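S.K.: Any chance you could fold what I've pasted below:
(one chain, ligands or ions: 1)
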Amino acid sequence: MQAEPKKTQVGQAGPETDTLVGQEYEVEIGPVAHGGHCIARTAEGQVLFVRHALPGERVVARVTEGEEVARFLRADAVRVLEASKDRVEAPCPYAGPGRCGGCDWQHAKPGAQRRLKGEVIAEQLKRLAGLTPEEAGWDGTVMPAEGDKLPAGEVPQWRTRVQYAIDPATGHAGLRRHRSHEVEPVEHCMIAAQGVSELGIEQRDWTGMETVEAIAATGSQDRQVVLTPRPGGRLPLVELDKPVSVLRVDEKTGGVHRVHGRPFVRERADGRTHRVGAGGFWQVHPKAADTLVKAVMQGLLPRKGDMALDLYCGVGLFAGALADRIGDKGAVLGIESGKRAVTDARHNLAEFPRVRIEQGKVESVLPRTGITEVDLIVLDPPRAGAGRQTVAHLTALSARRIAYVACDPAALARDLAYFREGGYRVRTLRAFDLFPMTHHVECVAILEPAAKGL
Ligand SMILES: C[S@@+](CC[C@H](N)C(=O)[O-])C[C@H]1O[C@@H](n2cnc3c(N)ncnc32)[C@H](O)[C@@H]1O
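M.R.: Residues are numbered from 1 along each chain as shown. Prediction:
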């Protein structure tokens with residue numbers, strides 16, 4: 001039975017304000033929720049989203065955001081009274097209440113992190129799409145990226161792209177605190193890939209910069225630093241130990257300019273080299289691109305001569321993989337909104353004459369193409385998902401199979417409900433832990449016309 005939650009101390013809540021920030025509650029931690037926190041309730045019945053806790057624990061939770069009238073409060077577990085067997089001491093010295101906001105699950109064993117992500121996916125599928133794991137063709141597991149099966153306490157060095165925030169007072173690189181613009185200065189980010197750590201960003205003075213992004217490409221030695229100056233900030237002379245290209249973001253226009261070196265990095269995946277210019281999307285985990293291509297191709301089973309769509313195609317990862325498999329008689333149309341990414345995609349796929357890349361938003365370009373039928377579709381939308389209108393358009397194209405690559409299980413679940421309205425069912429769903437130590441998770445759903453599944 002759940003024990004009665006206790007208020008343990010009144011913090012800074014004053015008479016003229018109804019803020020509960022600083023208030024502490026002794027609570028029992030309930031299930032995990034989407035976003036890297038768990039759910040608890042105060043004695044007054046208010047919902048608490050508690051970070052740094054694990055299901056089944058008893059903790060003292062200190063409110064970080066929220067008011068007496070709010071439907072829910074945000075809080076940090078500041079003392080653990082009864083620990084879960086899944087708890088470990090966070091290996092990262094910068095993790096914990098009020099500290100770096102980059103990782104959500106440093107305090108959970110790796111297997112437990114994947115289980116928590118699985119519970120979040122299951123909950124989102126049920127609540128937003130009315131699907132059980134069985135109905136989604138999912139075994140309920142979240143697979144580690146190959147090579148990431150490390151013992152508890154060890155941290156995979158997976159982040160090939162790290163955006164450091166610069167402390168305006170000291171010029172020191174750090175990472176943003178959770179839901180804050182404040183910078184947590186760090187000497188070393190444990191989840192950064194070796195190629196990023198070797199650049200030594202944390203050891204330099206970046207006075208005048210707002211952010212410094214460090215990129216270490218996979219499968220090539222390309223390294224890049226992207227500087228965003230503060231208004232009026234002077235660009236530092238960047239002399240790093242490694243050969244590295246340097247780009248600068250114009251603080252007024254957001255445009256990216258080359259300072260020195262190549263304006264792109266070369267990323268290897270699916271046996272091909274992809275040029276990725278500044279601002280262009282590329283998966284962050286070094287195994288992600290290959291893992292996802294494999295899952296998508298195993299699910300779609302492309303045939304020679306197929307006509308396929310790659311929507312939200314970035315620099316052409318899936319379009320290239322499809323073109324490779326459907327041969328000279330097939331055709332692929334990619335659609336991508338980013339101008340620079342489209343230039344890169346056209347360059348990357350120049351060897352395939354039957355691949356065409358259109359620049360613009362899927363929702364406006366796709367209807368203009370006049371396409372009424374395709375064999376296969378890959379869609380890999382941003383966090384917001386594809387939305388009802390685009391899904392309705394896709395379900396009218398009579399595709400044999402559709403692969404939906406999703407970085408947000410909530411958006412995936414919403415869109416799966418729209419696909420069902422359009423006559424599609426989920427054939428299989430697979431989930432991959434391509435963001436260890438954080439709450440993020442990647443899913444690949446394979447859909448087919450519902451009539452086929454009967
Ligand atoms: C998650 S990334 C996937 C990129 C690519 N499939 C890959 O795996 O490398 C989503 C891409 O969609 C693009 N994008 C965002 N909104 C879009 C829209 N409405 N229409 C077309 N592309 C969009 C972004 O620029 C980004 O390249």
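S.K.: Pick out the residue of this structure closest to the ligand.
M.R.: The ligand sits closest to residue 314 of the chain, with a gap of 2.7 Å, by Cβ to the nearest ligand atom. Placement of C-beta: from N, CA and C, glycine included.
S.K.: May I ask you to confirm that that residue belongs to a helix?
M.R.: No: counting by DSSP: H, G, I helix; E, B strand; the rest coil, residue 314 falls outside a helix, being coil.
S.K.: Surely it touches residue 341?
M.R.: Yes: taking Cβ atoms under 8 Å as the definition, residue 314 is a contact partner of residue 341 at 5.4 Å.
S.K.: Need the overlap of contacts for the two.
M.R.: Residues touching both residue 314 and residue 341 (Cβ atoms under 8 Å, 6 or more residues apart in numbering): 280, 281.
S.K.: Tell me how the protein divides into domains.
M.R.: 6-82, 115-148+286-453, 161-266 (automatic domain parsing).
S.K.: could I get those as TSV with mean neighbour count and mean pLDDT?
M.R.: Formatted as TSV, the domains of the chain follow (neighbours: other Cβ atoms under 10 Å; pLDDT from 0 to 100):
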stretch	mean neighbour count	mean pLDDT
domain 6-82	18	88
domain 115-148+286-453	20	96
domain 161-266	17	90
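S.K.: Please identify which of those domains is closest to residue 107.
M.R.: Smallest distance to residue 107 across the domains of the chain (Cβ to Cβ): 6.1 Å, for domain 6-82.
S.K.: need the helices for the stretch 101-250 of the chain, in chain order.
M.R.: Ranges of helices in the stretch 101-250 of the chain, per DSSP state H, counting those that start in this stretch, are 110-129, 194-197.
S.K.: Near the ligand, which residues of the protein are found?
M.R.: Taking Cβ under 6 Å from any ligand atom as the measure of proximity, the chain contacts the ligand at 281-283, 312-314, 317-318, 335-338, 341, 361-363, 380, 382, 407.
S.K.: Among those residues, which ones are in helices?
M.R.: Members of those lying in helices (criterion: DSSP state H): 317, 318, 341, 362, 363.
S.K.: Closest one to residue 199 out of the residues you listed, please.
M.R.: Using Cβ to Cβ, these come closest to residue 199 at residue 341, 23.9 Å.
S.K.: Enumerate every residue touching that closest one.
M.R.: Under the criterion of Cβ under 8 Å, 6+ apart, the contact list for residue 341 reads 276, 277, 279, 280, 281, 313, 314, 315.
S.K.: Save those residues as CSV, and put in distance to residue 229 too.
M.R.: Below are those laid out as CSV (distance: Cβ to Cβ, whole Å):
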residue, distance to residue 229
276, 23
277, 20
279, 16
280, 21
281, 23
313, 31
314, 27
315, 26
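S.K.: Kindly indicate which of those residues lies nearest residue 24.
M.R.: Of the contacts of residue 341, the one sitting nearest to residue 24 (Cβ to Cβ) turns out to be residue 281, at 41.4 Å.
S.K.: Phi, psi for the closest one please.
M.R.: phi -80, psi 140 (degrees, to the nearest 10).
S.K.: what sits against the closest residue to it other than its chain neighbours?
M.R.: Take residue 281 and drop its neighbours on the chain: the residue closest to it by Cβ to Cβ, 6 or more residues apart in numbering is residue 314, 4.4 Å away. Contact analysis of residue 314 by Cβ under 8 Å, 6+ apart lists 280, 281, 282, 336, 338, 341, 345, 380.
S.K.: Let's see that with 10 Å instead.
M.R.: Going by Cβ atoms under 10 Å, 6 or more residues apart in numbering, residue 314 touches 274, 276, 280-283, 289, 334, 336, 338, 341-342, 344-345, 348, 380.
S.K.: For the helix or strand harbouring residue 296, output the C-alpha coordinates as CSV.
M.R.: Assessed by DSSP states H and E, residue 296 sits inside helix 288-300. Extracted C-alpha coordinates of helix 288-300, given in CSV (Å, rounded to 0.1, in the frame of the first residue of the first chain):
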residue,chain,number,x,y,z
ALA,A,288,22.6,4.8,-35.2
ALA,A,289,22.6,5.3,-39.0
ASP,A,290,23.6,1.7,-39.7
THR,A,291,21.2,0.3,-37.1
LEU,A,292,18.2,2.3,-38.5
VAL,A,293,19.0,1.5,-42.1
LYS,A,294,19.1,-2.2,-41.3
ALA,A,295,15.8,-2.1,-39.3
VAL,A,296,14.1,-0.1,-42.1
MET,A,297,15.3,-2.4,-44.9
GLN,A,298,14.5,-5.6,-43.0
GLY,A,299,11.0,-4.2,-42.5
LEU,A,300,10.4,-2.8,-46.0
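S.K.: Thank you kindly, that will do.
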